[in-house]
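Colleague: have a look; sequence and predicted model below, questions after that.
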Amino acid sequence: MSGDSKASALPGKHTKPEQLGDLAAGLYLTATPIGHARDISLRALDVLGQVDLIAAEDTRVTSKLLAIHGISKPLTPYNDHNAAKERPRLIGKLQAGARIALVSDAGTPLVSDPGFKLARDAIAEGIAVHAIPGASAVLTGLALSGLPSDRFLFAGFLPAKTGERRTVLEELKTLRATLIFFESAQRLDETLADILAVLGARDAAVARELTKLHEEVRRGSLGELAAHYAQAGAPRGEVTLLVGPPQDIEADFGKIEEALQAALPFMPLKAASDMIAALTGAPRKQVYDLGLQKKKNAQGQ
């Protein structure tokens, strides 16, 4: 149990969830469900019920969520189209002591939306900013993908044009981490083909409609997934695309030894190791250790 817990339940005794009491002034970055309406925290419901104003990506979407949970609060749109104009107005209200919740249509705000600029400006003005955590398509997709989760990078949306998309993928090619993207269902087949062409053979997963009635996670190699969606066409719903890290390549240490034999008479060990590791894909430390052993053996002769 967390050390900062303010209350603990005794066996056999029912305790009510912790209440917020009077909500302090400030900006509340409040996560909302990514699909299932019940995937919202009790704390988020408390915040949404007590703030003075809710800044929403789409007020129509947020109105439906509030209605489900019996909450009625003033709403104002805050999205890509009006953020530059609305930000100073919201900052002014916060400076005057308002309590404002920022929500996106689904999931945690600031992920692929302009919310980070509002949070950044609020912090710069000395305004209190609070995070009310909850659902995230990034972490939900990662958990369901079956791909390594110890190291991952969320890269947002890839560019719509093939050339620009491949340029971004080239920058990500050497990262030894699971890559996570949001993608338009209409571009999924083209994107998978480009990822395969640039990143090569890797395990991957396509997660759609996460936590919703028609949730689906399709797992396989990039080649299998690219072929499937090229034939099946665009899936329905919101898509989270996950690509595993580069597959380990079995190093040919016979060739590495030959390369070291040729390079060491003319190059320092570190420079030779860096060059040969980059050319072969072998771990630099293993190449360096092999070169060091060769130098010791040569000196002992």
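Modeller: Arrived safely.

Colleague: alpha carbons only for contacts and neighbour counts from here, please
Modeller: OK.

Colleague: would you map the strands across the stretch 1-150 of the chain?
Modeller: Counting by DSSP state E, counting those that start in this stretch, the stretch 1-150 of the chain has these strands, from start to end: 26-30, 53-56, 75-77, 99-103, 129-132.

Colleague: how close does residue 172 sit to residue 195?
Modeller: Distance, residue 172 to residue 195, by C-alpha to C-alpha, to the nearest Å: 10 Å.

Colleague: any chance of the strands of the stretch 1-150 of the chain in TSV with distance to residue 149 as columns?
Modeller: Converted to TSV, the strands of the stretch 1-150 of the chain look like this (distance: least, C-alpha to C-alpha, whole Å):
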stretch	distance to residue 149
strand 26-30	25
strand 53-56	31
strand 75-77	35
strand 99-103	27
strand 129-132	23
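
Colleague: export the ones you listed as CSV, with columns for mean neighbour count and mean pLDDT.
Modeller: Formatted as CSV, the entries for the strands of the stretch 1-150 of the chain read as follows, by neighbours: other C-alpha atoms under 10 Å; pLDDT from 0 to 100:
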stretch, mean neighbour count, mean pLDDT
strand 26-30, 26, 98
strand 53-56, 23, 98
strand 75-77, 18, 98
strand 99-103, 25, 98
strand 129-132, 16, 98
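
Colleague: out of these, flag the one nearest residue 260.
Modeller: Between residue 260 and the strands of the stretch 1-150 of the chain, the shortest separation by C-alpha to C-alpha is 53.4 Å, and it involves strand 129-132.

Colleague: now do the closest one: distance to the chain's middle.
Modeller: For strand 129-132, the distance between its averaged C-alpha position and the chain's averaged C-alpha position is 19 Å (C-alpha atoms, centre = their mean, to the nearest Å).

Colleague: picking up where we left off before, neighbour count: residue 172 and residue 195, which is higher?
Modeller: Set residue 172 next to residue 195 and count neighbours by other C-alpha atoms under 10 Å: residue 195 wins out with 21 against 16.

Colleague: who does the strand or helix carrying that one touch, helix- and strand-wise?
Modeller: Taking DSSP states H and E as the definition, residue 195 sits inside helix 188-199. For helix 188-199, the packing partners by 3 or more C-alpha pairs under 8 Å, 6 or more residues apart in numbering; DSSP states H and E come out as helix 162-172, helix 222-232.

Colleague: and the next helix or strand past the first one?
Modeller: Just to be clear, that refers to helix 162-172. Proceeding N to C from helix 162-172, the next assigned helix or strand is strand 178-183, under DSSP H and E.

Colleague: strand partners (parallel or antiparallel) of that following strand?
Modeller: strand 152-157 (parallel), strand 239-243 (antiparallel) (DSSP bridges).

Colleague: circling back to that earlier point, identify all contacting residues around the next helix or strand after the helix holding residue 195.
Modeller: Scanning the chain past helix 188-199 towards its C-terminal end, the next helix or strand to appear is strand 203-208 (assignment: DSSP H and E). Taking contacts as C-alpha atoms under 8 Å, 6 or more residues apart in numbering, the residues outside strand 203-208 that touch it are 141, 145, 147, 215-222, 225, 236-245.

Colleague: would you mind giving me the PyMOL syntax to select the buried ones in these?
Modeller: Applying 16 or more other C-alpha atoms under 10 Å to the contacts of strand 203-208, the buried members can be selected in PyMOL as follows:
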select buried, resi 141+145+147+217+219+220+221+222+225+237+238+239+240+241+242+243+244+245
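
Colleague: how distant is stretch 275-284 from the center of its chain?
Modeller: Here stretch 275-284 shows a centroid-to-chain-centroid distance of 30 Å under the convention C-alpha atoms, centre = their mean.
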